[in-house]
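Sequence and predicted structure are below.
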Amino acid sequence: MPQASAIRSSTVVLEYAAPPFACSWKLSDSGAAWVQVAGELDLVTSPQFRQRMGEARRAAPVVVLDLRELCFIDGSGVHVILDAADDCGRSGGRLLIVRGSAQVERVLALTEISKQVVSFDLAPGEPEPGLSHVLSTALVV
């Protein structure tokens, strides 16, 4: 008599914990507003990002957006960056970006954000340079 064999089914569940999102800004000694973003910038976190960018734009004519600790960005985050660049330009200011990871840079390249915003490099952990250095570096790039 044939015996029934037990069929075992296993399900693999991959849990992914997104890095916590953080966005803050401060006024540097040089007078620029430095906005630091970390984690994932997406539809859920972009409202907080938009608020911080607005605060920074109102505080200083030059806003430097530091993306070195950002690991993901989607279209909603790109949209906030473009809006901030437009707002800075209308008020006579400027938005500059410190380049982030290769993944983040790929999204920015695909959306052609570099046509509206100037980017420059800083090494991880490198302190914020003076505004004149940032502007001269950004103009060369």
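Everything's here; your move. Residues are numbered from 1 along each chain as shown.

Residue 100 against residue 77, yeah?
No: with contacts counted by C-beta atoms under 8 Å, residue 100 stays clear of residue 77, the gap being 11.0 Å. Backbone N, C-alpha and C define where each C-beta goes, glycine included.

ok, which stretches of this protein are strands?
Counting by DSSP state E, the segments of the chain that form strands are 22-27, 33-41, 62-73, 94-98, 118-120.

Now render those as a markdown table, adding mean pLDDT, distance to residue 106 and mean neighbour count.
Output for those, formatted as a markdown table (pLDDT from 0 to 100; distance: least, C-beta to C-beta, whole Å; neighbours: other C-beta atoms under 10 Å):
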| stretch | mean pLDDT | distance to residue 106 | mean neighbour count |
| --- | --- | --- | --- |
| strand 22-27 | 96 | 21 | 16 |
| strand 33-41 | 96 | 14 | 21 |
| strand 62-73 | 96 | 10 | 22 |
| strand 94-98 | 95 | 14 | 23 |
| strand 118-120 | 91 | 13 | 18 |
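
Enumerate every residue touching the residue nearest to the spatial centre of the chain.
Closest residue to the average C-alpha location of the chain: residue 67 at 4.2 Å, with C-alpha atoms, centre = their mean. Neighbour list for residue 67: 37, 73, 97, 98, 99, 100, 101, 104 [criterion: C-beta atoms under 8 Å, 6 or more residues apart in numbering].

how about those in JSON lines, adding distance to residue 123?
Formatted as JSON lines, those follow (distance: C-beta to C-beta, whole Å):
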{"residue": "37", "distance to residue 123": "17"}
{"residue": "73", "distance to residue 123": "21"}
{"residue": "97", "distance to residue 123": "15"}
{"residue": "98", "distance to residue 123": "10"}
{"residue": "99", "distance to residue 123": "11"}
{"residue": "100", "distance to residue 123": "13"}
{"residue": "101", "distance to residue 123": "13"}
{"residue": "104", "distance to residue 123": "16"}
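
Check those and tell me the two furthest apart.
Within those, 73 and 98 form the most distant pair, 13.7 Å apart (C-beta to C-beta).
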